[in-house]
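# how would this look folded up:
(chains A and B)
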Amino acid sequence: MEETGLRAPLPTTASEAGLVACEVCLLLSPRGRARCPRCGSRLHPRKPDSIPRTWALLIAALILYLPANLLPMTTVVTLGRAQSDTILSGVIYFIQTGSWPIAVVIFIASILVPLLKIAVLACLLVSVQRGSSFRPVDRTRLYRVTELVGRWSMLDIFVVTVLVAVVNLGAIATIQAGPAAPFFAAVVVITMFAAMSFDPRLIWDRCSGEKRDE
Amino acid sequence: MSEADPQANGFATAPRAHVRRRRSLSLVWVVPLAAALIGVWLVYKAVSEKGPEITITFKSAEGLEAGKTKVRYKDVDIGQVTAIELSQDLKGVLVRAALARDAERLISENTRFWVVRARVSASAIYGLGTVFSGAYIDLDPGPPGRPARHFTGLEQPPVVTTGMPGRHFILESERRESIEIGCPVYFRQIRVGEVVSYQLSEDGAKIVSKIFVHDPYHRFVRTNSRFWSAGGLDVRIDSAGIRVRTESLVSLLAGGIAFDTFAEHGEDAGEAREEAVFRLYANADAAREREYDERNFFVLLFDESVRGLSPGAPLEFRGLQVGKVIDIKTELDLASNRVRIPVVVALEPERITLRERPQGKTTREEMLASLVERGLRAQLRTASLLTGQLYVALDFFPKAPPARISPKGPYGHPEFPTTPTPFEEIGAKLNRLIDHLDRLPFEEIGRDLRATVQGARRVADSPALVDALQSLNAALKEVRELVRELRTGAAPELKATLEEARRSLAAAQSTLAADSPLQSRLNAALDELAAAARALRALADYLERHPEAAVFGKGNEK
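You can find the predicted model right below:
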């Protein structure tokens, strides 16, 4: 929504102009209206309770991130021998067997991305709460990347789901989803919700406020 | 902060937004709360389920993997190996395992741990599942004891675990008798137990094996039961043919122990108690053989070779075994000019039952002494001509030089008198021959012979014989004259007659020859006769059909 160059003087924002953007159809309406005249959805100048909501979801994701990584993700039963693997032990296994690309993919998608997502959102929240005007464009870009990349973490869950369905050879080999799978899925989903509930306009509110103060 | 002032600007017609103060705490906080609760629950679960951490020392960690190998009891996972490291002295491995909370009740200082791996023995295959699933650590809780955290693992799985109803017994044998741990124990060919362990006794003199007999069967082990090694085949060749016996195919391969109770082995004083000690016999026959507690040892000094005599050879009295050879000493007493070989025998007097005891002789020694007085001697005899095996025979030799049982001599046992073999046998044969010769009526025969000779002489000397001879001579002379007369007188006439006879025979021969005229004429005559007969038969036929022809003659009716 904010399409301003970094060096250019900040233009007037919608809120400064006394307008409210519809969150659904992006129609600018004058402030004071309860519903969008076009699509009828509720109008809020900013996402309501954005920061507490994002914080709450972020904390929940952080808590769930622990069991998601400590508990076994899959249990492979090969010829009566059960072997449980956490995400990290799976990565180590792939490294040991020389499958570097797979190890890198799993590591990035399943460990690094959720963790970075949580970290990025936390940083954004802190910066917004502290009223920082530090590199608003970069922060906004960071937010977009985070939102875009977040869903790819579900890759691991999908892989496990497919494996469980495909590798079901009875006594020879069976793969079962471990207890970490629901936790991991919850982490991914909750971080996605957290990213959604964060309102990136808040980054610019502060900047423009500062600009105005100056 | 997020709230902007809604009343700053707006359309007059539009409904006014009602600005409410939101609740101080957003409902979204339920999500992290729930996550926290889940986390707390997981932590609580992990902590509450965390059982004792134990350390087990094994000689080797073969097949064990940290983080993968399970600890199981009755095939239920109760823990997992967390770490494997070398022991301080590098002689073994320390296996650390985290057990479940429930396992606390199982382990005590008496608990035994061992690694279950695939194991193949002659009698069974164990732990086949571990080929695929990997080794695991099994445990036997054992009797309750003080809590412990450090254990020494067994290298071999115990055959009998606690809680198995039954009874242990101890068997002693001189040899191992091909017993293996886990070997079956049979009672009447039913498998009733296993060999738990075997080891050398402290002094190395015997093998002490421990067996376990399972519950309903342990009652069959009586105080007078006999155990024997039932491994392999029991092949016996006797008058009934060849008999092959084995307890089972397993025992044929892996060996085994069988037991039974025989009535002849003393009184049955009830069930044998736990860890009762029995002797393990080498085979069923040895076990069945009655054991004679009373043994009298004697030394027999033989002059002859004892080649073919071995310890265990029977001591027989007229074919009944009364004892056996225990030892053949190698010490020779050269000082006393005779080289005699001492043979120690054990006489088992219980084998012989005396119907009535000789009067006055109360003790066995006295009885034996009296028997020796009557000629009882020991002698080496050949048991088998094929193998040259010898045995010691006791028999009466009334003609043997008097001897008696001498008290304990240099060999520690009383010396029993012996009698030499070959001379004795030859002597006996000679005796028998002489007896026979004695029985012949030599005097009578001589007397008769003499009478005959005398009679003959009398006949020869008599004048009648002379007369007879003279008349015989005259008769012979007459016969000779007659013969001469015949040769000179009757002979020429006889010759002429014979020649005439030969001529007549030649004439007859020429007449009867095939090409003689007589012969051909005779043939022609016979042919004529045959034709006449045929004509006559035709005539007779004709007359039969035409009787009128006899009157009217042969007509021309054709």
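# all contacts plus neighbour counts: C-alpha atoms, from now on.
Noted.
# now chain A, which segments are flagged as low pLDDT?
For chain A, the stretches with pLDDT under 70 are A:1-11, A:79-81, A:206-214.
# Residue numbers of it in contact with chain B?
By C-alpha under 8 Å from any C-alpha of the partner chain, the residues of chain A that approach chain B are A:18, A:30-34, A:45-50, A:52-53, A:56-61, A:63-64, A:67, A:78-83, A:202.
# can you rerun that using 7 Å?
A:18, A:30-34, A:45-46, A:48-49, A:53, A:56-57, A:59-60, A:63-64, A:79-81, A:83 (C-alpha under 7 Å from any C-alpha of the partner chain).
# quick one: which of those residues sit in helices?
Judged by DSSP state H, the subset of those located in helices is A:R53, A:A56, A:L57, A:I59, A:A60, A:I63, A:L64.
# Go through those and name the one nearest chain B.
Nearest to chain B among those, counting by C-alpha to the nearest C-alpha, is A:A60 at 3.6 Å.
# Kindly provide the distance from the closest residue to that closest one other than its chain neighbours to B:P417.
In space, and not counting its chain neighbours, A:A60 is closest to B:P32: 3.6 Å by C-alpha to C-alpha, 6 or more residues apart in numbering or on different chains. Here the distance between B:P32 and B:P417 works out to 110 Å (C-alpha to C-alpha, to the nearest Å).
# Check which helix or strand the residue in the stretch 301-450 of chain B that chain A sits nearest to maps to.
Here the stretch 301-450 of chain B gets closest to chain A at one residue, B:G312, 58.3 Å apart by C-alpha to the nearest C-alpha. Secondary structure from DSSP states H and E places B:G312 outside every helix and strand.
# repeat for B:D395
strand B:390-396.
# could you point out which element follows that strand?
Criterion used, DSSP H and E; the element after strand B:390-396 is strand B:415-416.
# What is the distance between that next one and the centre of its chain?
36 Å (C-alpha atoms, centre = their mean, to the nearest Å).
# Likewise for stretch B:106-118?
Worked out by C-alpha atoms, centre = their mean, stretch B:106-118 lies 42 Å from the chain centre.
# Span of that stretch from start to end?
Span of stretch B:106-118 from end to end, C-alpha to C-alpha: 25 Å.
# State the mean pLDDT of it.
Stretch B:106-118 shows a mean pLDDT of 85 in the predicted model.
# And that stretch, what's buried?
Neighbour-count burial for stretch B:106-118, counted by 16 or more other C-alpha atoms under 10 Å in any protein chain shown, picks out B:L106, B:I107, B:S108, B:E109, B:N110, B:T111, B:R112, B:F113, B:W114, B:V115, B:V116, B:R117.
# Leaving out chain neighbours, which residue sits closest to the first one?
Nearest residue to B:L106, sequence neighbours excluded (C-alpha to C-alpha, 6+ apart): B:P141, at 5.3 Å.
# what's the answer for the fifth one, then?
Closest residue to B:N110 apart from its sequence neighbours, by C-alpha to C-alpha, 6+ apart: B:G142 at 5.2 Å.
# gap between the strand or helix carrying B:E316 and the chain center?
Take DSSP H and E as the rule and B:E316 turns out to sit in strand B:314-317. Distance, stretch centre to chain centre, for strand B:314-317: 23 Å (C-alpha atoms, centre = their mean).
# export it as PDB, just CAs?
What follows is strand B:314-317 as a C-alpha-only set of coordinates in PDB (Å, rounded to 0.1, in the frame of the first residue of the first chain):
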ATOM      1  CA  PRO B 314      34.100-107.900  35.100                       C
ATOM      2  CA  LEU B 315      34.800-110.100  38.000                       C
ATOM      3  CA  GLU B 316      32.700-113.200  37.500                       C
ATOM      4  CA  PHE B 317      31.800-116.100  39.600                       C
END
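# center of chain B, which residue is that?
For chain B, B:V235 is the residue whose C-alpha lies nearest the centre (C-alpha atoms, centre = their mean; 1.7 Å).
# and it, what does it touch?
Counting by C-alpha atoms under 7 Å, 6 or more residues apart in numbering or on different chains, B:V235 touches B:R243, B:V244, B:R245.
# residue boundaries of the strands in the stretch 251-400 of chain B?
Using DSSP state E, counting those that start in this stretch, the strands of the stretch 251-400 of chain B run over B:257-261, B:276-281, B:296-302, B:314-317, B:320-328, B:341-347, B:376-382, B:390-396.
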